[in-house]
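>>> This is a predicted model, with the sequence first.
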4 protein chains.
Amino acid sequence: MIRRRLEAGGPATIKLPRVIDFRSDNTHGASPEILEALMRAAAGTMTSYGGDEITARVRERCCEIFEHDVEIFPVVTGTAGNALAIAALAPPTGSVLCHEDAHIYQDELGAPEFFTGGAKLVPIPGADGKLHADDVRLLAHEITCISITQATEAGTVYTPDEVRAIASVGLPVHMDGARFANALVTLGCSAADITWRAGVDVLVFGGTKNGVIPTELIVVFRKELAEEIAPRWHRSGHRVSKMRFLSAQFEAYLTDDLWLRNARRANAVAQRIGRELDVLRPVQANVVFVRFEPRVATALNEEGFLFFDWPLFGPDAVRLVCGFDTTDEDADALIAAVKRLHLP
Amino acid sequence: MIRRRLEAGGPATIKLPRVIDFRSDNTHGASPEILEALMRAAAGTMTSYGGDEITARVRERCCEIFEHDVEIFPVVTGTAGNALAIAALAPPTGSVLCHEDAHIYQDELGAPEFFTGGAKLVPIPGADGKLHADDVRLLAHEITCISITQATEAGTVYTPDEVRAIASVGLPVHMDGARFANALVTLGCSAADITWRAGVDVLVFGGTKNGVIPTELIVVFRKELAEEIAPRWHRSGHRVSKMRFLSAQFEAYLTDDLWLRNARRANAVAQRIGRELDVLRPVQANVVFVRFEPRVATALNEEGFLFFDWPLFGPDAVRLVCGFDTTDEDADALIAAVKRLHLP
Amino acid sequence: MIRRRLEAGGPATIKLPRVIDFRSDNTHGASPEILEALMRAAAGTMTSYGGDEITARVRERCCEIFEHDVEIFPVVTGTAGNALAIAALAPPTGSVLCHEDAHIYQDELGAPEFFTGGAKLVPIPGADGKLHADDVRLLAHEITCISITQATEAGTVYTPDEVRAIASVGLPVHMDGARFANALVTLGCSAADITWRAGVDVLVFGGTKNGVIPTELIVVFRKELAEEIAPRWHRSGHRVSKMRFLSAQFEAYLTDDLWLRNARRANAVAQRIGRELDVLRPVQANVVFVRFEPRVATALNEEGFLFFDWPLFGPDAVRLVCGFDTTDEDADALIAAVKRLHLP
Amino acid sequence: MIRRRLEAGGPATIKLPRVIDFRSDNTHGASPEILEALMRAAAGTMTSYGGDEITARVRERCCEIFEHDVEIFPVVTGTAGNALAIAALAPPTGSVLCHEDAHIYQDELGAPEFFTGGAKLVPIPGADGKLHADDVRLLAHEITCISITQATEAGTVYTPDEVRAIASVGLPVHMDGARFANALVTLGCSAADITWRAGVDVLVFGGTKNGVIPTELIVVFRKELAEEIAPRWHRSGHRVSKMRFLSAQFEAYLTDDLWLRNARRANAVAQRIGRELDVLRPVQANVVFVRFEPRVATALNEEGFLFFDWPLFGPDAVRLVCGFDTTDEDADALIAAVKRLHLP
């Protein structure tokens, strides 16, 4: 069901001997390269509202990475990116098919409904946190567009074949890519293969959860969608005037593969944990789901390990997220503590 | 009439011997103190979505500055701040009185209508870009709330008495404070005197136009409004997950009077210009309106002076905005060029 | 899932030797008493927009029937009535719990989402087409209000105790009473007992499906809700200028128990059918669900019996609805035909 | 300014020796032909939601009258018709140009804003209550569509040339035809000449103000607009299930020129008044604006003459509306009373 995430996720001030934080990738800070780019971008005056050179360069860089003539819209949250993208695909009277775990259904307090002017989300179950083409086909006649999450909220990854099968039903596809980099390094395919070549119309390309301060990029693969997004982007207050500061972050993110390097590290740590603990879902990105009985969970918290309960995945389920700067030592400390606490 | 600001404001790449930029305060960069605060905020993990310590400290600082128990909501644009604040004051069936120059009417592509679910803006004229209490009183019976801009879009400043007279009609008041600091240093009064003590219910406290990267703060003076804003803030995608990075900027902005120092400098430069050129509106903040005949405007552009035409204020009207880092030398260069170009 | 009901329900022109129509209660005409009331109401001029005497009398009559000081809003569709009522209970960020069969979820193309400005429907299953208090309680913390249907879309009826148990979770309750009269004659209780005394805040009191031309009445049991509904009623185009013509229908409907007489007759015919055929749901109102194998369904259609497939209730399920003027002979003809077609 | 019309227009119960009602055309009853059609339509069962034969015949009749292949959508208020039509022409980010007297701006409590999802009305002045092509052209670059009223709220009538000049700016045109019949009999042209041949894309063809119970017809001249309207019509609760009862009224209205005969009579009475009193606007339809000093207005009210103040047209302005059944005697009584009251 719809979790209300109005409360912030945890105690503001944590007084512990040390803290090892697996709560979310957005509790982590920022890569030094991102911060340095901000410094450089601060000098001089520059055209506002996206007319600056840095934004132009980011668009060009995205054209290269995606091997496609794309349009981009920088925003500061995935919620904004997803809702703007979906509003370009679904009219107020439309229906949006998504997985029942989806962030757009579970965590955004009705953002898609708000931005579309009242379209309806149609959430369905599906193994491994994914939509499956057969289920999609059955509902296709009553649906306007499809939203998939890559990597999924279950920490799994769609293959290009799976995306292609879903898109083959003939409906527009939105990809929530809050953890797009994490999915891509697992897949080892090109950014094009898992997006427009597989039938994706619009991607929300996440930066925030992977070392960026707060920036996501709406990447549009069909030009006519950009015309739908542009005025909504402005009127929803998401077109930042000093856009160079968002774009500069993304330029650094896409330079020297920072985005892929950060994701690779986070994934590797997650897999290190996944190899040692009993997992509830396959570990294909930077998120691990396990079951900690309450006694163990409490003891871990007292030792400084932070994580969220994840009742959506059953009793005592918890989610462990590895950030771009989570270390092997963090993982090993957790694994050792869990094993020690389970000794008879 | 409603200017459409979807196009970015000027050429992306300016090839000129030098550029002196009076286009807008949002073409300027960021104060070093703001950037340093971002660096410091990047270390370690921190509770997301506003549950962090920095956000808590900014709230406390605002309570001191405004001498009131306030709630705050950081956002990245004034458009978002204004629309969220107004949506807390006006139901979908409401009407919002504003000056016909107002940013919410002229420049936001329908943001208040979107966030309120269809409330109507009722724009009226008023000398010096201000609403006047007598006009407000005449319309009070058919209006739900009032929106004023401080400093105004005409570069003028409301006195506490003027605000109090407007609020005395008994309707809730929103203050668009994109240039709040610029107004305050002109008035020399306290932040409390020009806001809640004069009857303002909610302020959008601008940072972006005054040296911050992009952050504005919705400051709520009546607690019950915070309950209206909180869920809308989240569902409109304006509740940034790594909020520490917005809050850290505002903490630096409010430290050692950076906000007032930046505004004082910008105002001083504007007044320097205003003393030498024929102005169309009183210069009370950091914005100057003058008339440049086309020949002069073109020549100035060719010399590297950038500014926007402002047809709202008549034929050949232009707007000159001084940023936090515009220098006396910039002003003197402009003044000299204008005088030289007007020589017979 | 969400059936799209944009297509009209069946062939426009039916060329059959005779037609016996079980498709819906809205394929039936109007009671003579209703038509006569329209005639009488047509004379002379009368204040428009609800300021007329007939509307005032209908409100008074409702106060008697419901033993409560109510406010009323006449509308021409249940969809409008439900959406207006729900918009008074749920803000744009709210969630509305309903049964997964509910008309508001299945048949209204997003009307509640539209009128609320984007609130989310949360549909859940429940035996006999009803919400059950235990399920409601589990979800209560994440829900804004509850919508129940009386009689339900499954043709069953909530008892006052069941409604009271649901309302006892402490959330506002909307009752979709498209077939309210049918439920009431089954229950044999007072209109007050099954509405406000059991915790219902607002009822959409159906007339259309029970012999009225097209009029439903929003009946408000808490005065403050009327203030929410009134402006939305007008701006959604549902406040008919010549309202006397809607009110006159309802005055006749509530005179000499026409509403109860019509419902009693429809229910009796449905139960006559239910006693002879194998039903999929208990027959407690005027709707019967049975399973007709395709061969039988086709043969019945050819003999002039009209009904809708009801795939929501399983393969080969069909819905049979009895109108206010469906006769015992109609029922007997159907029963005989079904039995004959099932002979070996 | 925006008049709030939530209050009903006048006293519910009028105790006067006699009443002659010039308040509005919607205070009048219904033509006998309309009522007889309702009687006839009530027999038997019929496909609901517009799939019935009567609705099909009304569409065919409209194709004849407008000499065009049109789509139709019956609704019960002009507010609904206008808002649905405009929502098909303007996206949520659009702007709708209208006259400042327009019903959509003055009287609908934000209906267009609601149905469009937040588009902005841009009201401008214009002589005789009309938009003028030159003014429209100046604003065309910032406007999405144009709404004109025929006959206007000032009781004047656009000629085909005037409409054509407005439409020639190249934007879609909506015509609010609440008093379309009254305009047409004045013009003496064909229904096609004043609508699609002059560039109108969608007409709201009024019946309610001209003897129909409450029915208006959205008439769509471009098929693709029908696809925009259809789902909105349903989800806004305006697709009446027993649609035959709306369609039957319009069938009678369009039979034997009832619509034109009713309008001709109302116009003739208005012109009779206009010839004898000093009018504020040219009398080209069934509405007359005059100035009654307060002493006269009060005396007339006491004698049983009812009318509305019309402050929009200046101090002491009142509006006199003639219904389809207002008589020459009614007019003469008013004229005589006014003249008598003005005697020295």
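Cool, the structure landed. Numbers count the residues shown, from 1 in each chain, chains lettered A, B, ... in the order given.
>>> so is A:Phe205 in a helix, a strand, or just coil?
At A:Phe205 the chain is in strand, as set by DSSP: H, G, I helix; E, B strand; the rest coil.
>>> what's across from it in the sheet?
A:Gly177, A:Leu217 (DSSP bridges).
>>> separation between it and A:Val220?
When distance is defined by Cβ to Cβ, to the nearest Å, A:Phe205 is 11 Å away from A:Val220. C-betas here are computed from N, CA, C, even on glycine.
>>> Can you pick out the residue with more neighbours from these two?
A:Phe205 (29 against 26; other Cβ atoms under 10 Å in any protein chain shown).
>>> mind checking how far that one is from A:Thr195?
9 Å.
>>> Now the common contact residues for those two.
Common contacts of A:Phe205 and A:Thr195 (Cβ atoms under 8 Å, 6 or more residues apart in numbering or on different chains): A:Val219.
>>> C-alpha coordinates for the helix of greatest length in chain A, PDB please?
Looking across chain A with DSSP state H, the single longest helix is helix A:258-276. Coordinates of each C-alpha in helix A:258-276 appear next as PDB, following Å, rounded to 0.1, in the frame of the first residue of the first chain:
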ATOM      1  CA  LEU A 258      32.200   9.100 -13.000                       C
ATOM      2  CA  TRP A 259      28.600   7.900 -13.200                       C
ATOM      3  CA  LEU A 260      29.600   4.400 -14.100                       C
ATOM      4  CA  ARG A 261      32.500   4.300 -11.600                       C
ATOM      5  CA  ASN A 262      30.300   5.300  -8.700                       C
ATOM      6  CA  ALA A 263      27.700   2.800  -9.600                       C
ATOM      7  CA  ARG A 264      30.200   0.000 -10.100                       C
ATOM      8  CA  ARG A 265      31.500   0.600  -6.600                       C
ATOM      9  CA  ALA A 266      28.100   0.700  -5.000                       C
ATOM     10  CA  ASN A 267      27.000  -2.500  -6.800                       C
ATOM     11  CA  ALA A 268      30.200  -4.300  -5.900                       C
ATOM     12  CA  VAL A 269      29.600  -3.600  -2.200                       C
ATOM     13  CA  ALA A 270      26.000  -4.700  -2.400                       C
ATOM     14  CA  GLN A 271      27.000  -7.900  -4.100                       C
ATOM     15  CA  ARG A 272      29.600  -8.500  -1.400                       C
ATOM     16  CA  ILE A 273      26.800  -8.400   1.200                       C
ATOM     17  CA  GLY A 274      24.500 -10.400  -1.000                       C
ATOM     18  CA  ARG A 275      27.000 -13.200  -1.200                       C
ATOM     19  CA  GLU A 276      27.200 -13.600   2.600                       C
END
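>>> Can you name the residues of the stretch 201-344 of chain A that neighbour chain B?
A:208-209, A:213-214, A:230-231, A:234-242, A:245-246, A:306, A:323 (Cβ under 8 Å from any Cβ of the partner chain).
>>> 10 Å - rerun?
Residues of the stretch 201-344 of chain A found near chain B (Cβ under 10 Å from any Cβ of the partner chain) are A:208-209, A:211-216, A:227, A:230-246, A:248, A:306, A:323, A:325-326.
>>> Contacting chain C as well, which ones from these?
Of those, not one also sits near chain C (Cβ under 10 Å from any Cβ).
>>> So which of the residues you listed are in strands?
The strands, defined by DSSP state E, take in A:Glu216, A:Leu306 from these.
>>> of the residues of the stretch 201-344 of chain A next to chain B, buried ones?
Applying a neighbour-count criterion of 16 or more other Cβ atoms under 10 Å in any protein chain shown, the buried members of these are A:208-209, A:211-216, A:230-246, A:248, A:306, A:323, A:325-326.
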